[in-house]
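Novice: Okay, sequence plus prediction incoming.
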Amino acid sequence: MKIVVTRALPPATLTPLAAVGEVWVSPHDRPLRPEELREAVRDAAAVVTMLNDRVDEDVLAAAGPRLQVVANTAVGYDNLDVVAIARHGAVATNTPGVLVDATADLTMALLLDVTRRVSEGDRLVRSGQSWSWDIGFMLGTGLQGKQLGIVGMGHIGKAVATRAAAFGMGVVYHARRDHDGDLGRRVDLDDLLATSDVVSLHCPLSADTRHLIDGPALRRMKASAYLVNTARGPIVDESALADAIADGVIAGAALDVYEHEPDVHPGLRSLPNVVLAPHLGSATVETRTRMAELAVTNVVQVLTGAGPITPIEVPSR
């Protein structure tokens, strides 16, 4: 059976695949182009994808009837047409759970960075400009007693709430249902935006959440508030965000994901009160290794008839 891996994974994690099929790993140090992906998956029984591989009807048609599983090496799966994959007779899987702590840690790192102006200060020191300490030098804002608004209270949102509480922040959240009251108070989105000192995004990307944070949403936020996004880039209208920060509508933003990744809106790149990270949410050796291992395990389980460990639920349409 042919097993396609669209981007290099830690070599040791690939070993189990060799026991169940012939493994092809992309030789490119970049995402496969759509035509390359279609060619690579021909007659494949399994495909291990990355978050920038779009698996749609065209890819499924190219793969043909032998395809049994598409294993996404990410927890988000907006790059997969899950309904089409199921209709094709294959199963889609993802890697939930293993990247919760890494992403929550990075969220707090970005939150601290933008509110305490760490990257801005780093750029100042590296520039060689003269500077000296004084009582009003590069003042940021403290977190104690401030409110964090979490949009999307899944596993990562909950982990961020726990960390924020340790920094003395109060937490409110917007979600479809109530969660443990110790984690915070559920409010509607308008209330969260209007009252929070930091808004942190942890919802999945869907038709309902695309551009959830647009110009009107940003204008509902405090002028002193910050936006943090470690979820998916298109949840935020980047053009509106760049305008809002440049015009002083909000105080700044810290982003790990982008609307047209890896491209970033030039207006954001030029703003000193914006922190930009290159999609590092799960980027620890331990987490990325566990993600690869889980994706590979899902493939082995499906191809040996045992069934996937973390199948993606197929939505009804």
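Specialist: It's in. Residues are numbered from 1 along each chain as shown.
Novice: use CA for all of it now, contacts and neighbours both
Specialist: Will do.
Novice: all strands for the stretch 101-250 of the chain, in order.
Specialist: For the stretch 101-250 of the chain, applying DSSP state E, counting those that start in this stretch gives strands covering 147-151, 170-174, 185-186, 198-201, 226-229.
Novice: Relative to the whole chain's centre, how far out is the shortest one?
Specialist: Between the centre of strand 185-186 and the centre of its chain there are 23 Å (CA atoms, centre = their mean, to the nearest Å).
Novice: That strand pairs with which strands?
Specialist: strand 170-174 (parallel) (DSSP bridges).
Novice: what's the answer for the last one, then?
Specialist: Paired neighbours of strand 226-229 in the sheet (DSSP bridges): strand 198-201 (parallel), strand 252-255 (parallel).
Novice: Out of those strands, the one nearest T6 is which?
Specialist: T6 lies closest to strand 252-255 among these, at 25.9 Å (CA to CA).
Novice: For the closest one, list the C-alpha coordinates in CSV.
Specialist: Presented in CSV, the C-alpha positions along strand 252-255 are these (Å, rounded to 0.1, in the frame of the first residue of the first chain):
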residue,chain,number,x,y,z
GLY,A,252,-1.9,46.4,19.7
ALA,A,253,-1.9,42.7,18.7
ALA,A,254,0.2,39.6,18.9
LEU,A,255,-0.3,37.1,16.1
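Novice: re earlier: please convert the strands of the stretch 101-250 of the chain to TSV, extending it with mean neighbour count, mean pLDDT and distance to R87.
Specialist: Below are those laid out as TSV (neighbours: other CA atoms under 10 Å; pLDDT from 0 to 100; distance: least, CA to CA, whole Å):
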stretch	mean neighbour count	mean pLDDT	distance to R87
strand 147-151	27	98	32
strand 170-174	24	97	33
strand 185-186	19	94	37
strand 198-201	27	98	32
strand 226-229	25	98	33
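Novice: So which residues of this structure form helices?
Specialist: In the chain, the helices defined using DSSP state H lie at 15-18, 34-40, 57-63, 82-87, 100-116, 118-127, 155-166, 189-195, 215-220, 238-246, 266-269, 285-303.
Novice: possible to save those as a markdown table with mean neighbour count and mean pLDDT?
Specialist: A markdown table is the format used below for those (neighbours: other CA atoms under 10 Å; pLDDT from 0 to 100):
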| stretch | mean neighbour count | mean pLDDT |
| --- | --- | --- |
| helix 15-18 | 15 | 96 |
| helix 34-40 | 16 | 98 |
| helix 57-63 | 18 | 98 |
| helix 82-87 | 18 | 97 |
| helix 100-116 | 21 | 98 |
| helix 118-127 | 13 | 97 |
| helix 155-166 | 20 | 97 |
| helix 189-195 | 19 | 98 |
| helix 215-220 | 18 | 98 |
| helix 238-246 | 20 | 98 |
| helix 266-269 | 16 | 97 |
| helix 285-303 | 21 | 98 |
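Novice: Dump the ones you listed to a markdown table, plus distance to T49.
Specialist: A markdown table is the format used below for the helices of the chain (distance: least, CA to CA, whole Å):
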| stretch | distance to T49 |
| --- | --- |
| helix 15-18 | 14 |
| helix 34-40 | 10 |
| helix 57-63 | 12 |
| helix 82-87 | 13 |
| helix 100-116 | 20 |
| helix 118-127 | 33 |
| helix 155-166 | 22 |
| helix 189-195 | 33 |
| helix 215-220 | 33 |
| helix 238-246 | 26 |
| helix 266-269 | 29 |
| helix 285-303 | 9 |
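Novice: Adding distance to G149, write the strands paired with strand 226-229 out as TSV.
Specialist: Shown next, in TSV, are the strands paired with strand 226-229 (distance: least, CA to CA, whole Å):
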stretch	distance to G149
strand 198-201	5
strand 252-255	14
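Novice: Let me know which of the helices of the chain is the nearest to L183.
Specialist: That would be, of the helices of the chain and by CA to CA, helix 155-166, which comes in at 6.0 Å.
Novice: Any chance you could list what contacts that closest one?
Specialist: 97, 100-101, 103-105, 107-108, 148, 150-151, 170-171, 183-184, 202 (CA atoms under 8 Å, 6 or more residues apart in numbering).
Novice: Now the two most distant members of those residues.
Specialist: Counting by CA to CA, the most remote pair of the contacts of helix 155-166 is G97 and G170, 24.7 Å apart.
Novice: if I pick the closest residue to R210 other than its chain neighbours, what's in contact with it?
Specialist: Leaving out its chain neighbours, the residue that sits closest to R210 by CA to CA, 6 or more residues apart in numbering is I235, at 4.5 Å. Listed by CA under 8 Å, 6+ apart, the contact set of I235 reads L205, T209, R210, H211, L212, I213, E259.
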